[in-house]
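1. Model the structure of this input:
(2 chains)
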Protein chains: 2
Amino acid sequence: MPLGERGGWERTESRYCGVETDFSNDVTHLLNFNISTGGFDYVLAPLVDPSYRPSLVEGNGVDTQVLPVCGSDLVLSPSQWSSHVVGKISSWIDLDSEDEVLRMDSETTLKQEIAWATHLSLQACLLPTPKGKSCANYARCVNQILQGLTTLQLWLRVPLVKSEGDSMDDTSEGLNDSWELWNSFRLLCEHDSKLSVALDVLSTLPSETSLGRWMGESVRAAILSTDAFLTNARGYPCLSKRHQKLIAGFFDHAAQVVICGKPVHNLQKPLDSSSEGTEKNPLRIYLDYVAYLFQKMESLSEQERIELGYRDFLQAPLQPLMDNLEAQTYETFERDSVKYIQYQRAVEKALVDRVPDEKASELTTVLMVVGAGRGPLVRASLQAAEETDRKLKVYAVEKNPNAVVTLHNLVKMEGWEDVVTIISCDMRFWNAPEQADILVSELLGSFGDNELSPECLDGAQRFLKPDGISIPSSYTSFIQPITASKLYNDVKAHKDLAHFETAYVVKLHSVAKLAPSQSVFTFTHPNFSTKVNNQRYKKLQFSLPSDAGSALVHGFAGYFDSVLYKDVHLGIEPTTATPNMFSWFPIFFPLRKPVEVHPDTPLEVHFWRCCGSSKVWYEWSVSSPTPSPMHNTNGRSYWVGL
Amino acid sequence: MPLGERGGWERTESRYCGVETDFSNDVTHLLNFNISTGGFDYVLAPLVDPSYRPSLVEGNGVDTQVLPVCGSDLVLSPSQWSSHVVGKISSWIDLDSEDEVLRMDSETTLKQEIAWATHLSLQACLLPTPKGKSCANYARCVNQILQGLTTLQLWLRVPLVKSEGDSMDDTSEGLNDSWELWNSFRLLCEHDSKLSVALDVLSTLPSETSLGRWMGESVRAAILSTDAFLTNARGYPCLSKRHQKLIAGFFDHAAQVVICGKPVHNLQKPLDSSSEGTEKNPLRIYLDYVAYLFQKMESLSEQERIELGYRDFLQAPLQPLMDNLEAQTYETFERDSVKYIQYQRAVEKALVDRVPDEKASELTTVLMVVGAGRGPLVRASLQAAEETDRKLKVYAVEKNPNAVVTLHNLVKMEGWEDVVTIISCDMRFWNAPEQADILVSELLGSFGDNELSPECLDGAQRFLKPDGISIPSSYTSFIQPITASKLYNDVKAHKDLAHFETAYVVKLHSVAKLAPSQSVFTFTHPNFSTKVNNQRYKKLQFSLPSDAGSALVHGFAGYFDSVLYKDVHLGIEPTTATPNMFSWFPIFFPLRKPVEVHPDTPLEVHFWRCCGSSKVWYEWSVSSPTPSPMHNTNGRSYWVGL
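-> Sure thing, here's the model as predicted:
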């Protein structure tokens, strides 16, 4: 029985809640008690009797024995096994023990249990937490298993702990930062996409920033101990504000809650007397609280629901200069009213600056929309003229002949024939009959200049008056390092270098932003200097917050901010983003090999914008803490055609 | 005029000596003075007037100008350009300058000069030392250039310096360890094989261990400053013992010496009066000294000359169990007399232990040679019997029917028919008519167990008496981390994962051994325990010497040592290697991505020997300082067939 059905959340995985159980020979009863009676969606249950040890089996060993499993595969239907049971691998296994017999027993058991789980078509198995700091043999064995799996997912159980002390103090026995353990394990397992993490949420939580790292990791389950619950005035379990926030974060990132532990909130018997006769599941009250938290989540907005399908999905950036956009694309962009309102405000301010009130009736401003598409900027400009009572003459220049068709119809329909002249031509090659006062364009990509706005506007400014205004007057790109396991694995799935050297447009969701974004390249228009150079080079240093712990950087999220005119701006850089604008998702620059970064060792990154005779491209690299190879040398993998 | 022609050294590149010169418009004179008169083999000369700056060129810029190069391409023949000139890129270039004009000028110049050098078919160009600690933009530009080069090599000039202070003291301006600079630069350039290093050898040298690192790097030239020379009693230049040793090391590693700087040893004019009229080259005396050092090198032994062609050449290990060896292979191994002398000594000791002198005439020892090949161990065993006056009955078991032919002929020729019984059978499946006192085998690979000696001997020990002796009685594998740029690039050239997950047999030469070797797996025979398990797991930690500085680990050199019987051993582990034995080259386990290691952070490595039903394989990984992915999971890339 899922946690809730409202607010758009019904489309996420996180609405299922499980419960950890002990080993039972009677699986049917186990499911009845926990699912039918208890209301949980599935059990996290051991598959094999925990007292079993391969080396203690009588006779000639492993080949002839029958595994002491929890009932035959016939006890449940295949779909019941699959949807109601997550296998819990025997927690005694210790593949990095000094004791060789224990090590061998552990390896045998692990492989047997996974084979059994595969036979049952389970969706996932939970791997017990590595016993010590060293986990290489465990990882080796899991990695061998992963190569043979097709659908079964493995969840490595890891406690959510990070001591606040200096992690340099390596001599202490305890686990300083469980993220390090997870990171070692998954790197040894080649960052396999079938290996995820299940976090044990305890009563004490690490710092906010260190928790944030996990939002970019592949967390499939939050195992919530009954010990982590507080007690409210009526004796019922509840969670601290920080725990609530964390669980909400997991809901938002498609991680499921699993309740574990003994019931510690024993409500008075009298309350239960009504249901006598049936066996009441004492963990039900914890489930009810989790369901309450789930249902308390804010509903998704219309826009969020539309974008749900795009979350963490890699898209190739548009090449509007080389390719002609399709009607569907224009349609999407034109719906973004916020963007055109900003343009209208910018044009209004420019018109008023250009023509004083007293001359409003005599002077006509020449405004050219370069890259007019199907006309939204023409409309915004005309509205600006109307609002400010200025006279306007508009040239609408558009290179896409398909868009020009729509533009003609628009002008006819709206009766703009006297004001608007349509030019079906690439702005870089048009011979304008006169010079413009204002040049309006929207040629920006997610990373600002990545759709070649600089090159186009350099070509167009020939027909801008020396004192003319360009809207936008400047734009700047930004990047920040992110953890993005899912994106990294999606890039890796292509098994080639080219995809690691390509930038993608992505609705970033399951990512951890590791440091504030910093500006990369700025372009200003018009640019009348004699040697225009649109090549750029920027070196940046990012430092993780001191209490964050280490993190894995899979690449960089990229944004832009644009000054349209004076104080009117437009952009997607998170801290200054224009609200409710949806034309641009961020851009993602992956790294060929993820880089581990520690708060003590800043990340040094280099970005280049390179220009050739027929294309523009970016190169990027990390030089510290360890140098990466250069990405996309000579634009060999990814470029934007001129 | 090469430095020398004797001792086998004539086959190395290092016999050529160059001289660094200033820019000259008159290349013909430059070559006459330095090559014909001076005796050098080539000049390291600037190709473009050093006062040239692209941004200072009159007119509309770079497109219309003629580069101020040192004479047209017609001044020399193509073969003269190629063999007599190494291009020296303008040393003023600074691609990581804060000054954007200088940066752009540098990029333009660098690209122009490399293009000119390519036009002239030069073999190599020398890139000036990066100006600061940051070299990312320089590396980006060089990396772009490298993608387009086919034959031209680029030598990055780096001073050979490493301060003894703690390199943590990063705030100081100077260069602590020039290796770090080289390492960053080449990693940013994707470890390109066309990028090498040219080391400036100064008057002061860093510690011995830190110098050792360079022997595994791609050092093409040692640029020896005249300032580095001392003066001998007769006023002539000479080098310190440490410098001599270093230069000898470079000779041995195919690096060429280039003399640079002003002459500082001005011999009295009178000595020169005989050669008046011709212009004497004042650097000739330095060349003469370098030639003297070269000629002083010890001659290569016969064996070294044979092995010269195998140096740093990757070979797939033999699979003698799965494949039948060829006659050529037997031939090579049988020539290794040292090996058979050791076997003979071991058998002698075993025979004497087995049969006391007083029973020598009555007792016959049953000795089985398993894997008899073409008979060398049969011969060694019979000789041992003769030496010790013991009576012997020999079974020669061999699975290769082609070798059995030779074995038959040998027995007939030598008249051994009464003593030797030939069994044409795989030892694992032979039904022996009696049990053996001594089981002699030589099934060892470079890494000991890698040719499946354990599995073969487990199969053969059925017919060994319970108190019988196995020769060898045990063997142990060893590994040590190495820098091996050349091997890494050769593996990388295959552009697939499989080659990075394969072990190779290699005559290691241009490698730096970074820490003493440590033992990995040991096998003891006979092994009568009930559950024989030939799977192994070993975790090892290696620490670099504290004064070594950081180094790049490209993989691991592997060796073995075997106890044949009691104190008679046989092996290739460098510190205990059997002298003058040539049957085994070391084995090399590469890493998919080289790991940078610092003396403060030990390297933690894991090796596994895994056994399946039809194959045996190794897996390996690094867990510290940064976890590597597991190599060769499930033997997917490299395995030995059972």
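2. Is residue A:581 part of a helix or strand, or is it coil?
-> Under DSSP: H, G, I helix; E, B strand; the rest coil, residue A:581 falls in the coil class.
3. burial count for it?
-> Neighbourhood size, residue A:581 [other CB atoms under 10 Å in any protein chain shown]: 17. (Glycine included, C-beta is placed from N, CA and C.)
4. I'd assumed residue A:341 was in contact with it.
-> No - Residue A:581 lies out of contact with residue A:341 (CB atoms under 8 Å); the separation is 9.5 Å.
5. Would you mind naming what in the stretch 451-600 of chain A lies close to chain B?
-> Residues of the stretch 451-600 of chain A that fall close to chain B, judged by CB under 8 Å from any CB of the partner chain: A:531, A:533, A:535, A:537, A:539, A:593, A:596.
6. helix, strand or coil for the first one?
-> With three-state DSSP as the basis, residue A:531 sits in coil.
7. for stretch A:18-27, the distance to its chain's centre please.
-> Offset of stretch A:18-27 from its chain centre (CA atoms, centre = their mean, to the nearest Å): 34 Å.
8. scratch that, stretch A:240-250
-> 19 Å.
9. And for stretch A:348-356?
-> Using CA atoms, centre = their mean, the offset of stretch A:348-356 from its chain centre is 42 Å.
10. List the buried residues for it?
-> Within stretch A:348-356, the residues that qualify as buried are A:348, A:349, A:350, A:351, A:352, A:354, A:355, counting by 16 or more other CB atoms under 10 Å in any protein chain shown.
11. Same question for stretch A:488-495.
-> Buried residues in stretch A:488-495, counting neighbours by 16+ other CB under 10 Å, are found at A:488, A:490, A:491, A:492.
12. Hmm, the last one is touching residue A:192, no?
-> It refers to residue A:492. No - contact criterion CB under 8 Å: residue A:492 and residue A:192 do not qualify, at 9.6 Å.
13. Now list whatever residues contact both of these two.
-> Between them, residue A:492 and residue A:192 share no contacting residue under CB atoms under 8 Å, 6 or more residues apart in numbering or on different chains.
14. Just read off the phi/psi values of residue A:447.
-> phi -110, psi 30 (degrees, to the nearest 10).
15. show me the contacts for it.
-> Applying CB under 8 Å, 6+ apart to residue A:447 gives the contacts A:477, A:503, A:558, A:559, A:560, A:587.
16. still on that earlier bit, reformat the buried residues of stretch A:488-495 as JSON lines; add pLDDT.
-> Output for those, formatted as JSON lines (pLDDT from 0 to 100):
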{"residue": "A:488", "pLDDT": "98"}
{"residue": "A:490", "pLDDT": "97"}
{"residue": "A:491", "pLDDT": "97"}
{"residue": "A:492", "pLDDT": "97"}
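17. of those, closest to chain B?
-> Using CB to the nearest CB, residue A:492 is the member of these that sits closest to chain B, with 11.3 Å.
18. just for chain A, where's the confidence low?
-> Where chain A drops to pLDDT under 70, the residues are A:6-7, A:10, A:58-65, A:165-175, A:267-279.
19. Got the domain ranges for it?
-> A:17-55+A:69-163+A:173-267+A:279-299, A:327-442, A:474-641 (the TED database).
20. from the chain's centre, how far out does the first one sit?
-> For domain A:17-55+A:69-163+A:173-267+A:279-299, the separation from the chain centroid amounts to 23 Å (computed by CA atoms, centre = their mean).
21. With distance to residue B:518 as added columns, please give the domains of chain A in JSON lines.
-> Formatted as JSON lines, the domains of chain A follow (distance: least, CB to CB, whole Å):
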{"stretch": "domain A:17-55+A:69-163+A:173-267+A:279-299", "distance to residue B:518": "16"}
{"stretch": "domain A:327-442", "distance to residue B:518": "61"}
{"stretch": "domain A:474-641", "distance to residue B:518": "25"}
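22. Of all the ones you listed, which one is nearest residue B:294?
-> domain A:474-641 (36.0 Å; CB to CB).
23. gap between the two ends of that closest one?
-> 22 Å (CA to CA, to the nearest Å).
24. Please apply the same query to stretch A:349-368.
-> 16 Å.
25. Could you do stretch A:622-629 as well?
-> 8 Å.
26. Helices of the stretch 301-450 of chain A, residue ranges please.
-> A:302-307, A:327-334, A:337-354, A:376-388, A:401-414 (DSSP state H, counting those that start in this stretch).
27. Among the ones you listed, which comes closest to chain B?
-> Closest approach to chain B among those is made by helix A:337-354 (30.3 Å; CB to the nearest CB).
28. which helices and strands sit right next to that closest one?
-> Contacts defined by 3 or more CB pairs under 8 Å, 6 or more residues apart in numbering or on different chains; DSSP states H and E place helix A:337-354 against strand A:364-370, helix A:376-388, strand A:436-441, strand A:464-471, strand A:551-565, strand A:568-571.
29. can you do 7 Å?
-> On a contact count with 3 or more CB pairs under 7 Å, 6 or more residues apart in numbering or on different chains; DSSP states H and E, helix A:337-354 meets helix A:376-388, strand A:436-441, strand A:464-471, strand A:551-565, strand A:568-571.
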